[in-house]
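Enquirer: Show me the folded form of this:
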Amino acid sequence: MTDRTYRALLVDYGGVLTTPVAESFAIFCQETGVNPERIRAVLASAYTGGLDERERWGLADLVPAVETGRMSLEDFNGALATVLSEGMAQPLEALDLASRMFGHAVRDDRMIRAVKGAQEHGIRTGLISNTWGVPEPSPWYSETFGTVVLSGREGIRKPQAEIYLLAAKRLDVDPAAAVFVDDIPANVDGARAVGMTAILHRHPDITIPKLEELFGLDLG
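Expert: Numbering: from 1, shown residues only. Next comes the predicted model:
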C-alpha cells in the first residue's frame, strides 16, 4: 500500500537519470588532457555562495551565471575553455565544450523506470535541473514528469530555496510531502532546508530501495 505521506517525487537529471557525471568528466579529461583539478575547481566554486558583486564574472560565478541565464552558453563555453586550458600546450576549442564534457553520460533506464513507476502509482513527478543553457525538452519528459523546472529558463538554480518551492507549487503539493533526489550534497541540503525529504543519489541499487521504502511501492 502506498504511504500517502509522500505525494511527489522530484529528481535531478544529470547524475541521477544518467550515469555518473563524474565518470563522463573523467573520460573527457583523458581524451583532452585537461587537468581534472581544473574541473573540480569550477564545480566546487559553483556552490560556495556569498559572492561580492565585483566577482560576478570570476571563476566562482561562472557556473551559476550560465545556469541562471545571466551568461550565454556561447560565452560560457569560451570562458570555460580559458579556465580548463590553463597549463595546456594546446588550448581547448570552445565550440560545444559543455556538451563534450557531458557527452559520456548516458540515460540510466533503471532510475527512469523507477520514476515512471511512481507516476503510475499516482505519485506526482517532477524534474528540477540546473542547466548549462536551456536544452530542448526530451520527448519522454511529458510522459514522465508533471512539471519540468530548468534553472536556465526560470533564472533560479539549486540550491536556492525558490526552485524547490516552485516545483512543489506546480505539482500542487506541500514541500513536506515531496521526496527529492540529487547527486550533489549542496542540492540535497537545499531541498531539506525547505522541508522536503531528500536522498543523495550514488547508485540505483541504493536509491531505488530507499524510494520504495518511503513511498511503500515496488519500483523495480
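Enquirer: CA only for contacts and neighbour counts going forward, please
Expert: Fine.
Enquirer: so how far is the least confident helix or strand in the chain by mean pLDDT from its chain's centroid?
Expert: Here the helix or strand of the chain ranked lowest by mean pLDDT, DSSP states H and E is helix 36-45, holding a mean of 86. Put simply, helix 36-45 sits 16 Å off its chain's centre (CA atoms, centre = their mean, to the nearest Å).
Enquirer: Tell me which residues of that helix come out buried.
Expert: By 16 or more other CA atoms under 10 Å, the buried positions in helix 36-45 come out as 38, 39, 42, 43, 45.
Enquirer: do stretch 22-30 as well
Expert: Going by neighbour count (16+ other CA under 10 Å), the buried part of stretch 22-30 is 22, 24, 25, 26, 27, 28, 29.
Enquirer: Could you tell me which of those belong to helices?
Expert: Of the buried residues of stretch 22-30, the ones assigned to helices by DSSP state H are 22, 24, 25, 26, 27, 28, 29.
Enquirer: who's sitting farthest from the centroid in this structure?
Expert: residue 89 (32.2 Å; CA atoms, centre = their mean).
Enquirer: Wait, residue 128 touches residue 166, no?
Expert: No: between residue 128 and residue 166 there is no contact under CA atoms under 8 Å: 9.6 Å.
Enquirer: So for those two, which residues contact both of them?
Expert: Taking CA atoms under 8 Å, 6 or more residues apart in numbering as the criterion, residue 128 and residue 166 both touch residue 149.
Enquirer: Which one of these two is surrounded by more residues?
Expert: Each of residue 128 and residue 166 has its neighbours counted (other CA atoms under 10 Å); residue 128 has more, 23 against 17.
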